[in-house]
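> sequence and predicted model, in that order:
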Amino acid sequence: MTATARRTAPAPRTAPAPAGGSARPFAGAGALLALALRRDRLLLPLWAVPLALVVVSGAGTVGSLYGTAAERAALVRSLAADSSLRAMLGPAFDDSLGALVTWRFGVFAGLAAAAMSLIVVIRHTREEEESGRQEMLSSAMVGRRAPLTAALLTALLANTALTVLITAGLAGPTGSAAGAFALGLAVGLTGMVFAGLAAVAAQATESARAAKGLTAAALGGAYALRAAGDSASADGSSALTRLSPLGWAEQLRPYAGERWWFAAALALAALLPIAAAYALAARRDLGTGFLPARPGPASGRLSTAGLALRLQRGALLGWTAAFLVAGTAFGSMASGVADLVGGNDGIRQIFERMGGRSGMTDAFLASITGLFGLAAAVYITSSALRPHGEEGAGRAEPLLAGALSRTRWAAGHLLIAFGGSVLVLTAAGLGMAIGHGEDAGPLLGAALARIPAVWLIGGVTTALYGAVPRAAPAAWAVVGVCLAAGWIGPALRLPEAVLELSPFEVLPKLPGSAMEWPPALILTAAAVALTALGLAGLRRRDLRT
């Protein structure tokens, strides 16, 4: 090469660092956040807004039931002597309207915010990796920590909206903006604590199902610690309560001399797992986890029902255990419910609308079996939608490429869904019998009497999935209507026409009344017809890709 050529030849250039490298770990986080908000544009409002409305409407409900200071003070004295009710809802720290709203709805709202947050974070992290979409997105200018950042920001926006809605809705009716903000902050920060734990679980595991299971177990453990602590102490001073994030939210004490340092403790409890999640995200490959997936031990011929059971057994065992524990707790409360209600006609009317007019104890137990039926509707909807998730993730197509028919494949999952609903309600009935100390027969029958309505909702879910798969998530709207009619409706004294939108309302209110077979048989027949319609639609349509 001549000297002239050497002088004119261009010098080699160093390739720029990839956008997803260590130089720009958060590149693309804004775009991913916009994508997450677009995907959740229905999920987040349908979760946050009704939850805030339930808490805000509690001011009117509590005010109408306990209209005088003497009635509220009597309720607080009754709660101080009832350890089982404190275990379920926590102690009441004051007899003001806002403090009683906090007692009645604070723990429930914290649990709901935590559930929303863990679903959102895992949906936009581990589920994206498991489906392969994150790998495709990462081929563009997306940093290593951008997906986790977008997921956490989505959860933060949802919890912030929940905090604002609760604060704005309760500040006027309760007369204390500070108390309303403290309650909203306790709920929102509880959600962020479990968003952080879900972020860690998403880095540690290789499947979204395992990540949800770990975070849900942490949530259950936090509730159990708080319940044990509150049952042992009327003022929330138990060490067990202080070990639970739900207990810290409770100890913030909205409307009862707010302890703002517990808000700082909750914020720190959220930041620590978030920092750990970022550290873990920088040390693993896409699609992998620090806890390896357990192989096998599948051997021999695996049936479709066996495969479905293997995929859903964790959820089924968790639901069954939760129903058994909750049934035992509610059953132990039944003996003292008459003393707790006393002469309060408002509460008595609510129990009678929910559970019938056969006596306060029977009305209470019937209303509780109704709530267990509504919870079982949540289980059957989630389980019946499992084929929808398997099909969308591409795991159904390899199975159906062979001799396995679509009907047999879906029937395996539906057997777990419909049979599992019977199992969880059986656990609830047995738990109530254990807690109440009565013969198991009547309470077990009362719980199982809710099965036709639960199966009808399972049939609606199957029909939507089989015939119109894009509309399958609308099954959750059906569950929401049933929850609103059966749970919130009686407390808000909604008209009977609204309550009768729920199929549970046509069933007899057991125990305390006679079994009526025609409504149960009609609902069961409708469930069978809808399930058959869904399976027929699945046979005739294309698989989703």
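Arrived safely, thanks for sending. Residues are numbered from 1 along each chain as shown.
> and Val528, how close does it get to Leu535?
Distance, Val528 to Leu535, using CB to CB, to the nearest Å: 11 Å. Backbone N, C-alpha and C define where each C-beta goes, glycine included.
> between these two, who's got more neighbours?
Taking neighbours as other CB atoms under 10 Å, Val528 and Leu535 compare with Leu535 leading, 20 against 13.
> pLDDT wise, what is the closest residue to the more buried one other than its chain neighbours at?
Among residues not flanking Leu535 along the chain, Thr407 sits closest, at 5.4 Å (CB to CB, 6 or more residues apart in numbering). Listed pLDDT for Thr407 reads 90.
> with Ala338 instead?
If you check Ala338, the pLDDT there is 57.
> begin at 84, not 1, for the rest of this chat.
Happy to do that; since the first residue is 84 now, the last one works out to Ala421.
> thinking again about what came up before, buried residues of the helix or strand encompassing the residue nearest to Leu618, list them for me.
Thr490 is located in helix 489-519, with elements delineated by DSSP states H and E. Buried positions in helix 489-519, judged by neighbour count with 16 or more other CB atoms under 10 Å: 489, 492-497, 499-501, 503-519.
> and the angle for the helix or strand just after it with helix 489-519?
Using DSSP H and E, the helix or strand that follows helix 489-519 in sequence is helix 523-531. Going by axes from the mean of the first three to the mean of the last three CA atoms, to 10 degrees, helix 523-531 is angled at 140 degrees with respect to helix 489-519.
> distance between helix 523-531 and the chain's centre?
Between the centre of helix 523-531 and the centre of its chain there are 26 Å (CA atoms, centre = their mean, to the nearest Å).
> pull out the buried positions in it.
Within helix 523-531, the residues scored as buried using 16+ other CB under 10 Å are 525-527, 529-531.
> any chance of those in TSV, plus distance to Ala332?
Shown next, in TSV, are the buried residues of helix 523-531 (distance: CB to CB, whole Å):
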residue	distance to Ala332
Pro525	37
Leu526	33
Leu527	35
Ala529	34
Ala530	31
Leu531	36
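> now render these as a markdown table, adding distance to Pro375 and pLDDT.
As requested, the buried residues of helix 523-531 are exported to a markdown table (distance: CB to CB, whole Å; pLDDT from 0 to 100):
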| residue | distance to Pro375 | pLDDT |
| --- | --- | --- |
| Pro525 | 48 | 84 |
| Leu526 | 44 | 87 |
| Leu527 | 42 | 89 |
| Ala529 | 45 | 89 |
| Ala530 | 40 | 90 |
| Leu531 | 41 | 92 |
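> closest one to Thr288 out of those residues, please.
Ranked by distance to Thr288 (CB to CB), the buried residues of helix 523-531 are led by Ala530 at 33.7 Å.
> do I have it right that that closest one meets Leu506?
No - Ala530 lies out of contact with Leu506 (CB atoms under 8 Å); the separation is 11.1 Å.
> what sits against Ile517?
By CB atoms under 8 Å, 6 or more residues apart in numbering, Ile517 lies in contact with 410-411, 414.
> and the gap between it and Val408?
Look at Ile517 and Val408: by CB to CB, they are 10 Å apart.
> the stretch 284-433 of the chain: helices as residue ranges?
291-315, 322-325, 328-334, 344-364, 387-416, 420-424, 428-438 (DSSP state H, counting those that start in this stretch).
> identify the residues contacting the residue nearest in space to the middle of the chain.
Geometric centre of the chain, nearest residue: Ala198, 4.5 Å, by CA atoms, centre = their mean. For Ala198, the contacting residues are 277, 299, 302, by CB under 8 Å, 6+ apart.
> and stretch 133-149, average pLDDT?
Averaging pLDDT along stretch 133-149 gives 84.
> in it, what counts as buried?
Applying 16+ other CB under 10 Å to stretch 133-149 flags 134-135, 137-142, 144-145, 148-149 as buried.
> now swap in stretch 170-179 and tell me
For stretch 170-179, by 16+ other CB under 10 Å, it's 170-179.
> in what helix or strand does the closest residue in space to Asp178 that isn't next to it in sequence lie?
Leaving out its chain neighbours, the residue that sits closest to Asp178 by CB to CB, 6+ apart is Arg155, at 4.2 Å. Using DSSP H and E, Arg155 falls within helix 152-163.
> report all helices and strands that that helix contacts.
helix 180-206, helix 420-424 (3 or more CB pairs under 8 Å, 6 or more residues apart in numbering; DSSP states H and E).
> kindly indicate which of the buried residues of stretch 170-179 lies nearest Ala388.
Met171 (35.8 Å).
> returning to what we had before: quick check: the gap between the residue nearest to Asp178 and Leu392.
As defined by CB to CB, Arg155 lies at a distance of 49 Å from Leu392.
> counting neighbours, go ahead and name the busier of those two.
Higher neighbour count among Arg155 and Leu392: Arg155, with 21 against 17, using other CB under 10 Å.
> is it true that the more buried one touches Leu180?
Yes - between Arg155 and Leu180 there is a contact under CB under 8 Å: 7.4 Å.
> run the chain-centre distance for the helix holding Arg155.
Centre-to-centre, helix 152-163 and its host chain are 31 Å apart (CA atoms, centre = their mean).
> in it, what counts as buried?
Residues of helix 152-163 classed as buried: 155, 157-159, 161-162 (neighbour count, 16+ other CB under 10 Å).
> poorly predicted segments of the protein, please.
84-106, 376-385, 418-443, 569-582, 595, 628 (pLDDT under 70).
> now with 50?
The model of the chain has pLDDT under 50 over residues 84-105.
> quick one: contacts of stretch 129-138?
So stretch 129-138 is in contact with 184, 188, 191-192, 195-196, 199, 241, 244-245, 248-249, 252-253, 266, 270, 559-560, 563, 567, 571, going by CB under 8 Å, 6+ apart.
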